[in-house]
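Chemist: Give me coordinates for this.
(one chain, ligands or ions: 3)
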Amino acid sequence: MTTLRIAVPNKGSLSVPSEQLLTAAGYRVHRSNRELMIDDTRNDVQFFFLRPRDIAVYVGSGTLDAGISGRDLLIDADTGALEIMPLGYSASTFRFAARPGTLTALADLDGRRVATSYPTLVEKYLAEHGISVRLVKLDGAVETSVQLGIADAVADVVETGTSLRNSGLVVFGDPILESEAVLIQRPELEEDALASFERLRRRLKGVLIARQYVMVDYDCPVEAQAAACALTPGIEAPTVSPLAREGWVAVRSLVRRDRAPFVMDELWEVGARAILVTPLESSRI
Ligand SMILES: Nc1ncnc2c1ncn2[C@@H]1O[C@H](COP(=O)(O)OP(=O)(O)OP(=O)(O)O)[C@@H](O)[C@H]1O
Ligand SMILES: O=P(O)(O)OC[C@H]1O[C@H](OP(=O)(O)OP(=O)(O)O)[C@H](O)[C@@H]1O
Ligand SMILES: [Mg+2]
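Modeler: Ligands and ions are numbered 1, 2, ... in the order given. Modelled structure (predicted):
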């Protein structure tokens with residue numbers, strides 16, 4: 001197998017959770033000395049620590065094989081790098097916002113000044129909706145631009161909405177995009193690299209499943225087995241084993257972590273007992 005070259009965000013909100021995810025997947029990615037590259041020889045991969053905005057550029061050009069980006073950054077870079085899998089962190093929406101009562105619908109943007117750090121993403125969206133604006137391209141702190149008088153509206157990342165509120169802005173129009181961290185791949189990966197990439201993808205997926213699901217074990221009377229299994233269908237099928245106690249079975253199944261307390265209540269109602277929930281470390285499914 002050839003060594004897979006992977007781009008990892010070196011700062012910003014993608015950086016820490018990306019390092020945590022790769023570490024949980026068994027990769028050596030922790031930088032003790034702000035290294036620019038780590039050679040993880042045991043896993044036959046090299047990690048390159050780059051600015052989040054540049055990752056889709058390296059991967060799209062084929063210089064690097066894979067990377068972690070934000071969906072919004074990937075679309076804005078428009079390099080041909082492919083989104084392979086969402087990673088479940090750094091979730092945000094991308095929205096238009098303006099002073100309350102000034103602009104209230106997408107059409108109101110026509111001919112106005114719109115500040116953003118994501119000009120390609122915004123231009124593409126507006127072109128699709130037949131609206132033309134004067135884009136003001138900024139590096140960050142975009143929300144302040146309206147107050148300072150260089151823009152009539154902003155198009156920016158919104159998570160909690162605190163930044164917009166602090167700048168006296170409110171969102172309008174539909175969300176432009178739902179974004180989160182994503183695993184990306186260069187176009188046309190060669191066969192050899194493809195096998196390494198598949199291993200990376202499967203390992204990351206294994207950690208994501210382990211974060212999303214818990215293992216639920218319970219005992220239940222045979223008469224209640226069908227109803228109980230319907231509550232815990234698992235990803236493929238629950239495991240049902242005989243119990244030493246006559247007329248009872250033991251069941252084991254994966255349940256979504258956020259659903260677990262409700263499923264436990266319902267299992268109890270149908271007659272299940274000794275219901276145990278265990279967190280998962282990792283998985284390969
Ligand atoms: N507050 C936030 N909540 C969730 N995701 C965010 C937030 N801010 C930025 N992002 C996401 O992080 C990625 C942007 O990377 P970037 O490094 O620019 O983030 P950042 O947190 O703005 O970093 P910095 O401001 O230090 O440059 C995008 O995918 C964006 O959607
Ligand atoms: O809705 P919120 O929870 O307020 O989060 C969204 C804000 O977070 C990021 O800003 P950051 O602090 O990274 O500064 P920047 O705009 O200079 O990148 C993003 O650019 C938004 O401004
Ligand atoms: Mg930022």
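Chemist: So the residue in the chain that ligand 2 sits nearest to: helix, strand or coil?
Modeler: Proximity of the chain to ligand 2 (C-beta to the nearest ligand atom) peaks at G140, 2.5 Å away. The C-beta positions use only the backbone N, C-alpha and C, and glycine is treated the same way. At G140 the chain is in coil, as set by DSSP: H, G, I helix; E, B strand; the rest coil.
Chemist: How about the stretch 1-150 of the chain: which residue is closest to ligand 1?
Modeler: For the stretch 1-150 of the chain, C-beta to the nearest ligand atom, closest residue to ligand 1: G70, 1.7 Å.
Chemist: what sits against that residue?
Modeler: Shown in contact with G70 (C-beta atoms under 8 Å, 6 or more residues apart in numbering): L14, P52, S90, S92, S179, E180, A181, V182.
Chemist: now do 7 Å
Modeler: If you count contacts by C-beta atoms under 7 Å, 6 or more residues apart in numbering, G70 has them with L14, P52, S90, S179, A181.
Chemist: ok, the nearest residue to L243 once chain neighbours are set aside - how many residues close by?
Modeler: Excluding the flanking residues, the one nearest L243 by C-beta to C-beta, 6 or more residues apart in numbering is A250, at 5.1 Å. A250 has 16 neighbouring residues, counting by other C-beta atoms under 10 Å.
Chemist: Just the mean pLDDT for whatever helix or strand A250 lives in, thanks.
Modeler: If you go by DSSP states H and E, A250 is part of strand 248-256. Strand 248-256 carries an average pLDDT of 97.
Chemist: Listing partners with orientation, what would you give for that strand?
Modeler: Partner strands for strand 248-256, per DSSP bridges, with pairing direction: strand 213-221 (antiparallel), strand 239-242 (antiparallel).
Chemist: would you list those in CSV and tack on mean neighbour count, mean pLDDT and distance to D39?
Modeler: Below are the strands paired with strand 248-256 laid out as CSV (neighbours: other C-beta atoms under 10 Å; pLDDT from 0 to 100; distance: least, C-beta to C-beta, whole Å):
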stretch, mean neighbour count, mean pLDDT, distance to D39
strand 213-221, 20, 97, 33
strand 239-242, 12, 96, 41
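Chemist: if we can go back for a sec, among the contacts of G70, which lie within helices?
Modeler: P52 (DSSP state H).
Chemist: when you check ligand 1, which of the contacts of G70 turn up near it?
Modeler: L14, P52, S90, S179 (C-beta under 6 Å from any ligand atom).
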